[in-house]
Structure formats: C-alpha cells, structure tokens
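1. no sequence on this one, just coordinates:
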C-alpha cells in the first residue's frame, strides 16, 4: 500500500509497504498507535513514543508527535492507499507542524 513516512528529523517521503504488522512496527520502531486525522486518514505512530523519549518529529494541533510515523488511509478494518487529497492534507499538516 502507498503511504507517507515521516521520520524524525527527515523530510517526508512516499513509500510502498506491505499491509503487514511487523513491517509497520519496524517503521515506528515499536507497538502501533492509530490516530485518526479525519474520517479515513490515519497517522500511525509508536504507542510508547512519549514514554520512551523518542525524538520529536512535528506538532499536530497542540501535541508534539515523536518518533517515526506514517500516514495511511483506513477503510473499515483495513489500511489502504492514500489518495491525492490525503497527500495534500498531510503536506499541510507537516508544513504547519515542522519542528526546528
């Protein structure tokens, strides 16, 4: 599936990944937490990121998102490819929330 990966301290990038729990956990370096951005757009991050003191990545609202994350679209109980509107929204989120 096509996702956007945003590693802490790096630019975001498009990537194709398998819809596989182990691969997703490898990207965020631990257990997954799903954060709904809107109805179908999700941010996947490390559930223990704050507790483990992972490196700050960007700000979402008033929350500092830490560690590596990826964005993906959700449909029912599955993850699917992002669409062009998702990519635009993600770019807006990241542009507003980039940490120096």
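-> Yep, that arrived. As the structure is a prediction and not an experimental result, all values here were calculated from the model.

2. how far does the lengthiest helix in the chain sit from its chain's centre?
-> Using DSSP state H, we find that the single longest helix of the chain is helix 84-97. Distance of helix 84-97 from its chain centroid, counting by C-alpha atoms, centre = their mean, to the nearest Å, is 11 Å.

3. what is that helix packed up against?
-> Helix 84-97 sits against strand 2-6, strand 41-46, strand 56-60, strand 69-75, with contacts defined as 3 or more C-beta pairs under 8 Å, 6 or more residues apart in numbering; DSSP states H and E. No exception for glycine: its C-beta is placed from N, CA and C like everyone else's.

4. list the buried ones in it?
-> Using 16 or more other C-beta atoms under 10 Å as the test for burial, helix 84-97 gives 86, 89-90, 93-94, 97.

5. likewise for stretch 41-61?
-> Neighbour-count burial for stretch 41-61 [16+ other C-beta under 10 Å]: 41-49, 54, 57-58, 60.

6. what's the end-to-end length of it?
-> One end of stretch 41-61 to the other measures 15 Å (C-alpha to C-alpha, to the nearest Å).
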